[in-house]
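**Student:** Okay, sequence plus prediction incoming.
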Amino acid sequence: MTVIDPDTQTGWVPGADADEDAEEMPLSLRLSIADTLTLGNATCGFMAVYFTTTGILIPHLSGSQETGMARHSAATAVILMLLAAIFDLCDGLVARKLRSSPMGAELDNLSDLISFGLAPAYFVLVYGMVADDAHQRVAALAAITVLLAVVLRLARFSCVTMKDGMFQGMPSPFGALTVVSIVLLEMPFVPTLLAVIGVAWLMVSRVEYPKPRGILAVAMLSWIVGAMGLLAAWAFDAPGGQLLLQTGCVLQVVMGAVIPLFATARRVNSIRDNRREARATQVP
């Protein structure tokens with residue numbers, strides 16, 4: 001049935017507009033498997049903030065002397081960040097094998113901001129409030145530095161095209177785990193602060209890091225699972241748990257420092273080789 005529009009005096013068929021709107025709909029916004037893993041990443045980051053608040057900050061503010069609760073909550077918060085890193089690793093692998101929705105890249109950045117920006121920055125902030133030798137306001141500045149470094153890194157990742165297989169700057173999951181490892185080492189406040197700021201700088205630097213693919217992805221996954229075991233042993237006060245935790249944290253920090261050195265050395269050698277080749281071609 002055709003209806004006459006009294007304003008335009010033209011005919012139209014009821015339901016035609018709805019059909020046209022359906023045809024002009026964008027690509028499917030249904031969540032894919034990879035997107036579901038990405039949302040798991042965001043959930044873990046939020047729950048890490050929750051356990052840091054309820055298990056560490058609130059007992060400290062209420063004057064509780066129960067250290068076991070704080071230890072369990074700290075371990076749970078870091079394990080959740082590690083689990084978020086597993087989700088982040090797996091969603092990329094799944095997206096390459098299957099597919100991701102048009103929202104995939106945006107969801108990934110937003111989830112990474114929660115789990116590897118907000119959660120570790122908040123962990124540093126709470127550390128500055130509960131540690132005996134810490135300065136709360138200075139720790140807050142360090143926490144803001146970590147958060148802004150992740151924001152800038154994620155924004156640059158969306159805008160800058162790198163050669164295949166490489167990241168520019170320390171990846172945010174690796175940076176977040178290095179930051180919390182520095183805090184768990186329980187070093188004096190000033191070295192802890194300087195190390196945290198150093199990690200923030202590495203995240204926005206131009207140092208190249210390899211993407212976790214193939215054997216490297218398996219090694220990274222194994223390392224994360226091992227770190228979870230170390231945290232669990234420490235949380236439940238297992239024999240040698242403290243030593244195991246400190247060993248794992250030291251290895252994480254050492255990797256964070258050594259990888260940029262190897263990357264810088266490789267880049268310098270590449271520049272030297274290019275110059276030698278250029279000079280060789282200029283010789284008659």
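**Tutor:** Everything's here; your move.

**Student:** In terms of secondary structure, what does the lengthiest helix in the chain contact?
**Tutor:** Assignment by DSSP state H gives helix 241-282 as the longest helix of the chain. Under the contact criterion of 3 or more CB pairs under 8 Å, 6 or more residues apart in numbering; DSSP states H and E, helix 241-282 touches helix 172-184, helix 189-204, strand 208-210, helix 215-235. Heads up, the C-betas are built off the backbone N, CA and C, glycines and all.

**Student:** where's the residue nearest to residue 152 when sequence neighbours are not counted relative to residue 150, distance?
**Tutor:** Distances taken as CB to CB, 6 or more residues apart in numbering place residue 204 nearest to residue 152, at 5.2 Å, with adjacent residues excluded. Taking CB to CB, to the nearest Å as the measure, residue 204 falls 9 Å from residue 150.

**Student:** Who has more neighbours out of those two?
**Tutor:** residue 150 (27 against 19; other CB atoms under 10 Å).

**Student:** ok now do that one, which residues does it touch?
**Tutor:** Contact analysis of residue 150 by CB atoms under 8 Å, 6 or more residues apart in numbering lists 112-113, 116-117, 121, 172, 175-176, 203.

**Student:** Any chance of CSV for these, columns distance to residue 234 and pLDDT?
**Tutor:** Listed next are these as CSV, based on distance: CB to CB, whole Å; pLDDT from 0 to 100:
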residue, distance to residue 234, pLDDT
112, 26, 94
113, 28, 95
116, 22, 95
117, 25, 95
121, 22, 97
172, 24, 92
175, 22, 93
176, 18, 94
203, 26, 92
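
**Student:** Just put those residues in JSON lines and tack on distance to residue 31 and neighbour count.
**Tutor:** Output for those, formatted as JSON lines (distance: CB to CB, whole Å; neighbours: other CB atoms under 10 Å):
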{"residue": "112", "distance to residue 31": "17", "neighbour count": "26"}
{"residue": "113", "distance to residue 31": "19", "neighbour count": "20"}
{"residue": "116", "distance to residue 31": "21", "neighbour count": "29"}
{"residue": "117", "distance to residue 31": "22", "neighbour count": "23"}
{"residue": "121", "distance to residue 31": "28", "neighbour count": "25"}
{"residue": "172", "distance to residue 31": "22", "neighbour count": "26"}
{"residue": "175", "distance to residue 31": "27", "neighbour count": "26"}
{"residue": "176", "distance to residue 31": "24", "neighbour count": "31"}
{"residue": "203", "distance to residue 31": "28", "neighbour count": "30"}
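
**Student:** In this protein, what helix or strand scores lowest on average pLDDT?
**Tutor:** Within the chain, no helix or strand scores below helix 16-23, which has a mean of 48 by mean pLDDT, DSSP states H and E.

**Student:** Tell me the helix or strand right after it.
**Tutor:** On the C-terminal side of helix 16-23, the nearest following helix or strand under DSSP states H and E is helix 33-52.

**Student:** average pLDDT for that next one?
**Tutor:** Mean pLDDT, computed over helix 33-52, is 92.

**Student:** Give me the angle between that helix and helix 172-184.
**Tutor:** Angle, helix 33-52 to helix 172-184, by axes from the mean of the first three to the mean of the last three CA atoms, to 10 degrees: 20 degrees.

**Student:** Now do the buried residues in the helix or strand following helix 33-52.
**Tutor:** Counting by DSSP H and E, the next helix or strand C-terminal to helix 33-52 is helix 58-61. For helix 58-61, burial by neighbour count (16 or more other CB atoms under 10 Å) applies to residue 59.

**Student:** what do you get for stretch 236-255?
**Tutor:** The neighbour-count check on stretch 236-255 (16+ other CB under 10 Å) flags 241, 244-246, 248-249, 252-253 as buried.

**Student:** before we move on, the earlier item: using TSV, lay out the contacts of residue 150 together with distance to residue 127.
**Tutor:** Listed next are the contacts of residue 150 as TSV, based on distance: CB to CB, whole Å:
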residue	distance to residue 127
112	22
113	20
116	17
117	16
121	11
172	19
175	16
176	14
203	19
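
**Student:** what's the closest of the residues you listed to residue 190?
**Tutor:** Closest to residue 190 out of those is residue 121 (18.9 Å), distances taken as CB to CB.
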